[in-house]
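Trainee: sequence? don't have it. structure:
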């Protein structure tokens, strides 16, 4: 019953997210021929100021289908939108408001089990949100005359989940502290934005940034997943998730 309750409470947020992310993945994949037509002008224009050089660099990477998928889908669209849906799932769960927690916590099971089942359900949904859009790329690529490695799709999906799980866990933990749903959402999104800005300004932090792990640049350029960042953020996410469970256990509903 706990699993069904967790699914029923989260299904619409999950299905809406799956529809949006999958639609973006298909649109990006099928738009590659049009994108190729735009690349000529960007590559012909020589390097000028810094913005022009950055645009030219992106255009060069995107000249291959594999590079295009990484830049336009993984780096620009999927990573950021996935975080938004992860925060929404975590912050609007059973414990985001007292009225939502009363019935669930009255069941003859421990609070730890209730929270664990809820978190496991939502993490499984987030795993699907990370993998399903990427797996659509190898399926849709032949439509536009290209192929895409299944291994790349799996690695990018896993890295999105591994690097982004911290934002779900943080929003879930904050939802056990605040009675309203907006403060956990806004605080977690602010942490994500500020963290991304800090890693852009401080190069030494970039290899261990959640955004760096989710974007998968090291895998794209070297073929090696960001193992250090994956391990660091999985451990941190597990610690924050445990804090959310403990906060639920001691909270006076």
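Mentor: All right, it came through fine. Keep in mind it's a predicted model, so treat the numbers as computed, not measured. Residues are numbered from 1 along each chain as shown.
Trainee: where do the helices of the chain begin and end?
Mentor: Here the chain has its helices, by DSSP state H, at 2-30, 32-44, 50-61, 65-68, 79-91, 98-105, 111-140, 150-175, 182-201, 210-215, 217-222, 227-250.
Trainee: got any ranges where this protein has weak pLDDT?
Mentor: By pLDDT under 70, the weakly predicted segments of the chain are 1, 37-59, 93-108, 203-205, 251-253.
Trainee: how about the residue nearest the centre of it, what does it touch?
Mentor: Among the residues of the chain, the one closest to the centroid is residue 82, at 3.4 Å (Cα atoms, centre = their mean). Each residue near residue 82 by Cβ atoms under 8 Å, 6 or more residues apart in numbering is listed here: 21, 126, 129, 130, 160, 164, 214. All C-beta spots, glycine's among them, are computed from the backbone N, C-alpha and C.
Trainee: ok, now with 7 Å
Mentor: Applying Cβ atoms under 7 Å, 6 or more residues apart in numbering to residue 82 gives the contacts 21, 129, 130, 160, 164.
Trainee: just residue 170 next, same as before
Mentor: Residue 170 makes contact with 188, 191, 240 under the criterion Cβ under 7 Å, 6+ apart.
Trainee: at 8 Å instead, please
Mentor: 90, 188, 191, 240.
Trainee: same thing with residue 207?
Mentor: By Cβ under 8 Å, 6+ apart, the contact list for residue 207 reads 218, 226, 228, 229.
Trainee: out of the helices of the chain, which is the most enclosed?
Mentor: helix 210-215 (a mean of 26; mean count of other Cβ atoms under 10 Å).
Trainee: just checking, what packs against it?
Mentor: helix 79-91, helix 150-175, helix 182-201, helix 227-250 (3 or more Cβ pairs under 8 Å, 6 or more residues apart in numbering; DSSP states H and E).
Trainee: and residue 177, backbone torsions?
Mentor: Backbone torsions of residue 177, given as degrees, to the nearest 10, read phi -100, psi -40.
Trainee: then the one 4 residues further on?
Mentor: As for residue 181, its main-chain torsions (degrees, to the nearest 10) stand at phi -90, psi -20.
Trainee: gap between it and residue 10?
Mentor: From residue 181 across to residue 10, the span is 14 Å (Cβ to Cβ, to the nearest Å).
Trainee: just residue 236 next, same as before
Mentor: Counting by Cβ to Cβ, the gap from residue 236 to residue 10 is 23 Å.
Trainee: now residue 29. Nearest residue, chain neighbours left out?
Mentor: Closest residue in space to residue 29, ignoring its immediate chain neighbours: residue 140 at 4.4 Å, by Cβ to Cβ, 6 or more residues apart in numbering.
Trainee: which ones are touching that neighbour?
Mentor: The neighbours of residue 140, taking Cβ under 8 Å, 6+ apart as the test, are 25, 26, 29, 30.
Trainee: tell me the one of these nearest residue 4?
Mentor: Ranked by distance to residue 4 (Cβ to Cβ), those are led by residue 25 at 28.9 Å.
Trainee: show me what contacts the nearest residue to the closest one once chain neighbours are set aside?
Mentor: Among residues not flanking residue 25 along the chain, residue 133 sits closest, at 3.7 Å (Cβ to Cβ, 6+ apart). With contact taken as Cβ under 8 Å, 6+ apart, residue 133 is in contact with 21, 22, 24, 25, 73, 78, 157.
Trainee: what's the most distant pair in the residues you listed?
Mentor: Within the contacts of residue 133, 24 and 157 form the most distant pair, 14.1 Å apart (Cβ to Cβ).
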